[in-house]
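**Student:** coordinates only, sequence not included:
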């Protein structure tokens, strides 16, 4: 474009645009004009440009006239191709309009302002993005940039459009994505999604509509379910069915419906800056996320959906739903069967109705025809490239089935089976459970006979081996000539080439299933190509996909944290996080949701990497500004999420109340000295390192050591025996050597702190009880009135009244006496057992005395013992003193979860035992076990004045354990109990005490196999004798149903609201009939108490910023400012003053239930059994099979 203009005194100005030019006589009475001419457009393009209906009424712009005195003409709008030139020359707006008009992208209409003749008003019409695509180029980046300039200048007010000049432009075109209403946060949007309200009239197909009507009918029970559904559960299941069956076309979520200045409607894509006259539709997902609140029956909702659509096959893909071509004319019956299959008519529903109405049955011939010709279609396989070696495979035959695949974590598999048995009429659903990695999957013809195929995730992932041989090899795309060597001198090749017969072919790819449900499927939100995702994409064809998770996205765990609050309080909590937070809402949960929607649900027209371009309002075309969420996010969530608002489901069902209290306990003497030892470590390190360099625990290069020490510090509030006398001496020596130096930078305050800490170590080192527990790593128990003749051989601190001994030693003593109650003196030999049992303490003393100093480093950093960082010895690694053939060890139960199948060894004979011999061996073993149990039951109780009846357990060295055990003994007869712990040693100590008091329990530890975890959950729910479940708090966030428990304890504060809420929801959920009472145990005056208070004050943003709790500045300040706990004079004296008392003294020997505890605790079918089995090969030796729990 060339522009030539004369000086202000000239009479002529020439403007040339493109290839055309014009000379316009210019004078003071005729202002200069910019003539806008278009290139030679094609005939088709000209037709598009001439039709104003192809253009969007974008808005108006003002341009100043050079001659203000020109007569104002009557109000009229005329097409124009000229623009007035302001006195200061061209502007960017003039240039952009010229370019757009030249290529037909805009049209202009002109009128003079009646109220202010200095200005002219130009109406700007923009060509719709879906018009003229065949004739006008629409992807020119220069022209798109010009459109952006024009959008920034137009006014969308109605006044200028009607020719009225407005000095202050009140409305401009918003070229960015429309901000979500009230600029809400993801937390607020997620909680405010509308509750499900399915309408059966939206469904056209008759049988599907009737099934939904039956499901929503509150006056009738759902056929096939034994459990009555709450109204909100009916609506949620109905919403899932509605998503699967309703029309699938929805407005593209990237488009915003807007109103033009002339009142017309258009559809705007902000990111691409495109304007559409017609709606653009996308296929709405036929699945989604069932995100009902934790504990409100998501499993039952899924089962209701499966039962309601049990005979409804998926719709046949349109591209394969062809009318069969027959070699001869088919019979009417053949054509009817083909039509039924092609239209996916659920004929079994009609047959069931006929049968129920009057007992009518379809003829056996017709039933045989329907069974023998299931709905199916063929998928032709197209080769990637044709050449002479291309392998052309046969079309793949796919059978359609109403089967639902359910994939669950392995620890939830038995819980799902239990739920099916509890809620569904027996025999209604045919269920195939695939939870064994060695169990082969049935073929396609058998799979279609099942209503449900229940996979564990590990077993489902194994189908990834489809198309592989056992070595992981796959067939090449093209045929390869065999190059294997010849056999000897022959011309026969010793062929080891891969054959198609060697490959595994998964039956999953040969079936078109009704739906896929993935329980706790939030792992898909990681966006990674996990094997599960690969199996889903490559092999599984389903009509719909569902993810079941109360926490579908990272950082959305907090949604249910305060749902137990009253409505007013809940509203206040939501309002606190109502507004968009640029820090919280830019990542985390939104990344997880977008990955889940795009990868698994395939619900978005963009990839996961592009999601943020559309879900946010970005006020810049070239970079992301994250100015808030766009309306696109809300529309996406409304399409994929099924979630009932709390106020809606609370009208239908009311859970028993939940009460959560913080119990502050006074620490015992041993609790205090443990806390003081950690304070000594922290103080010594801070002072001697002078808080500089990597030796300082809070230096940036000491992160790993600091995190390990703080983790040990938090666990030590329950009990800790990790410090040795050598550790304390080494730390004391380092500190004293530092204080003796003259050239240190130690302040007076630091010197006083360290001196006070050193003074405290004197009483610690003088404590015989602490030394014994440190050497043996045993938790101490106080027993009053121990039989005098043996008490000195069991005591840790030398006192015999009361006796302080270890829990393992006490279990050994209890077992020894209980097994000899039939004797005149059941305690005869108890002294010898005590000497042997305490030998470990004496051996550790000898070992410490003989071990060279250099054998192990005592300090890892200045003033920091290695044991304080490496942690307490794991109790699992050492033998249990209480283990015996007749009583299980709580430590041993952690490792009984694997399968071992191995030969007994070489045998000299090839003969095998007959089945009769093996049977007699089993009978003999069972009889022996029953005899031993009978002897125990027949043993008489102790005489009334027996000294063994006088011995009473009065307390422990742990305040938390004494309180917890007292409460368990108080409530275990009437209520089931759930105890959350955060360290394995804590679980083992609690387990030992429960064994001591004959309380049946299990430990749900992270080290257990998923299968054993699943069994523990079902056993706790169904076995009335199992009273207590100890659970690692980190394992409590994955859909477990533990509503049998109504008493919950947290051994240590969790300090993470999200994790704590997940754990509480294990018990406080649908099915709970009792009020749930929860308590968190905290030591008064301890560091953990201050950390808990700080965590309660932290905002959501602060919790998210702290990757671990210790990253928070307030938590670090608490740890750095730790001070010693004062010891009273009474606590300094060995004896009862140093213990934490039980609320009620308990007998040690001959407790109620001692005869049966440990012998009938586990059902025989759930024990690990070692049996001799008859092998199939007569030449193979007999094997020992260790069955997996």
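**Tutor:** On my side now, so go ahead. Bear in mind that the values here come from a model prediction, so they are computed numbers and not experimental data.

**Student:** count of neighbours near residue 110?
**Tutor:** Residues within reach of residue 110, counting by other C-beta atoms under 10 Å, total 18. Where you see a C-beta, it was placed from the backbone N, CA and C, and this is true even at glycine.

**Student:** was I right about it contacting residue 119?
**Tutor:** No: in this structure, residue 110 is not within contact of residue 119 by C-beta atoms under 8 Å, at 11.3 Å.

**Student:** how near is the residue nearest the centre of the chain to residue 1028?
**Tutor:** The centroid of the chain falls nearest to residue 522 when counting by C-alpha atoms, centre = their mean (4.7 Å). For residue 522, the distance to residue 1028 equals 30 Å [C-beta to C-beta, to the nearest Å].

**Student:** what do you get for residue 212?
**Tutor:** 44 Å.

**Student:** looking at those two, which is more packed in?
**Tutor:** Shown here are residue 212 and residue 1028; by other C-beta under 10 Å, residue 212 has more neighbours (26 against 23).

**Student:** and the closest residue to the residue nearest to the centre of the chain other than its chain neighbours, what does it touch?
**Tutor:** Of all residues not flanking residue 522 in the chain, residue 549 sits nearest, at 4.5 Å (C-beta to C-beta, 6 or more residues apart in numbering). Neighbour list for residue 549: 289, 290, 291, 519, 520, 521, 522, 1039 [criterion: C-beta atoms under 8 Å, 6 or more residues apart in numbering].

**Student:** and the third one, how many neighbours does it have?
**Tutor:** By the criterion of other C-beta under 10 Å, residue 291 has 26 neighbours.

**Student:** could you verify my assumption that it touches residue 644?
**Tutor:** No: with contacts defined as C-beta under 8 Å, residue 291 does not count as touching residue 644, sitting 9.3 Å away.

**Student:** follow-up on the earlier one: can you redo the contacts of residue 549 as CSV with secondary structure and distance to residue 356?
**Tutor:** Listed next are the contacts of residue 549 as CSV, based on DSSP: H, G, I helix; E, B strand; the rest coil; distance: C-beta to C-beta, whole Å:
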residue, secondary structure, distance to residue 356
289, strand, 36
290, strand, 31
291, coil, 36
519, strand, 33
520, coil, 37
521, helix, 36
522, helix, 41
1039, coil, 36
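
**Student:** may I see the ChimeraX selection of the buried members of the residues you listed?
**Tutor:** Burial among the contacts of residue 549 is assessed by 16 or more other C-beta atoms under 10 Å; the matching ChimeraX selection reads:
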select :289,290,291,519,520,521,522,1039
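
**Student:** residue 618: which of the contacts of residue 549 is nearest?
**Tutor:** Each of the contacts of residue 549 was checked against residue 618 using C-beta to C-beta; the closest is residue 289, at 25.8 Å.

**Student:** bridge partners for that closest one, pull those for me.
**Tutor:** Here residue 289 sits in beta bridges with residue 547, residue 641, going by DSSP bridges.

**Student:** hang on, isn't residue 1046 packed against residue 1069?
**Tutor:** No: counting by C-beta under 8 Å, residue 1069 is not a contact partner of residue 1046; they are 11.6 Å apart.

**Student:** quick one: contacts for residue 802?
**Tutor:** With C-beta under 8 Å, 6+ apart, residue 802 has these contacts: 782, 783, 784, 786, 954, 1135, 1136, 1139.

**Student:** give me that answer again for 10 Å
**Tutor:** 781-786, 791, 795, 951-955, 1134-1136, 1139 (C-beta atoms under 10 Å, 6 or more residues apart in numbering).

**Student:** which ones are touching the closest residue to residue 509 other than its chain neighbours?
**Tutor:** Spatial nearest neighbour of residue 509, excluding adjacent residues (C-beta to C-beta, 6+ apart): residue 539 at 4.5 Å. Remark: with contacts taken as C-beta under 10 Å, 6+ apart, residue 539 is in contact with 460, 463, 464, 466, 467, 506, 507, 508, 509, 510, 511.

**Student:** restricted to helices, list these.
**Tutor:** residue 460 (DSSP state H).

**Student:** scan the contacts of residue 539 and report the most crowded one.
**Tutor:** Neighbour tally across the contacts of residue 539 (other C-beta under 10 Å): the maximum, 26 neighbours, falls on residue 460.

**Student:** partners of the nearest residue to it once chain neighbours are set aside in the sheet?
**Tutor:** Leaving aside its sequence neighbours, residue 460 sits nearest to residue 407 (C-beta to C-beta, 6+ apart; 4.9 Å). With DSSP bridges as the criterion, residue 407 is bridged to residue 455, residue 518.

**Student:** surely residue 407 meets residue 457?
**Tutor:** Yes: using C-beta atoms under 10 Å, residue 407 is in contact with residue 457, at 5.6 Å.

**Student:** nearest residue to residue 76 in space, please, no chain neighbours.
**Tutor:** In space, and not counting its chain neighbours, residue 76 is closest to residue 111: 6.2 Å by C-beta to C-beta, 6+ apart.

**Student:** same deal with residue 738?
**Tutor:** residue 688 (4.4 Å).

**Student:** count of neighbours near the one you found?
**Tutor:** Residue 688 has 25 neighbours, counted by other C-beta under 10 Å.

**Student:** need the contact partners of stretch 198-205.
**Tutor:** In contact with stretch 198-205 (C-beta under 10 Å, 6+ apart) are residues 208-217, 234-247, 312, 315, 343-346, 642.

**Student:** just how off-centre is that stretch within its chain?
**Tutor:** Chain-centre distance of stretch 198-205: 33 Å, with C-alpha atoms, centre = their mean, to the nearest Å.

**Student:** and for residue 1046 and residue 1069, which residues touch both?
**Tutor:** Joint contacts of residue 1046 and residue 1069 (C-beta under 10 Å, 6+ apart) are residue 1076.

**Student:** circling back to that earlier point, let me know the closest of the contacts of residue 549 to residue 380.
**Tutor:** For the contacts of residue 549, the nearest to residue 380 is residue 521 (32.3 Å; C-beta to C-beta).

**Student:** ok, and the closest non-adjacent residue to the closest one?
**Tutor:** residue 547 (3.7 Å).

**Student:** which residues in the stretch 351-500 of the chain form helices?
**Tutor:** Counting by DSSP state H, counting those that start in this stretch, the stretch 351-500 of the chain has these helices, from start to end: 364-372, 413-423, 444-447, 457-461.

**Student:** the third one packs against which elements?
**Tutor:** The elements that helix 444-447 packs onto, with contact taken as 3 or more C-beta pairs under 10 Å, 6 or more residues apart in numbering; DSSP states H and E, are strand 396-400, strand 511-519.

**Student:** average pLDDT across the longest one?
**Tutor:** Spelled out, that is strand 511-519. Mean per-residue pLDDT for strand 511-519: 94.

**Student:** how far off centre is that strand?
**Tutor:** 20 Å.

**Student:** can you check stretch 374-385 too?
**Tutor:** Worked out by C-alpha atoms, centre = their mean, stretch 374-385 lies 37 Å from the chain centre.

**Student:** check which residues of that stretch are buried.
**Tutor:** By 16+ other C-beta under 10 Å, the buried positions in stretch 374-385 come out as 374, 375, 376, 377.

**Student:** lowest-confidence entry in the residues you listed?
**Tutor:** Taking these together, the minimum pLDDT is found at residue 374 (86).

**Student:** give me the domain ranges for the protein.
**Tutor:** Listed domain ranges for the chain are 2-161, 181-312+548-652, 900-937+1163-1186, 959-1124 (source: automatic domain parsing).

**Student:** nearest to residue 418, of those?
**Tutor:** domain 959-1124 (5.3 Å).

**Student:** what about the closest one, how long is it end to end?
**Tutor:** 18 Å (C-alpha to C-alpha, to the nearest Å).
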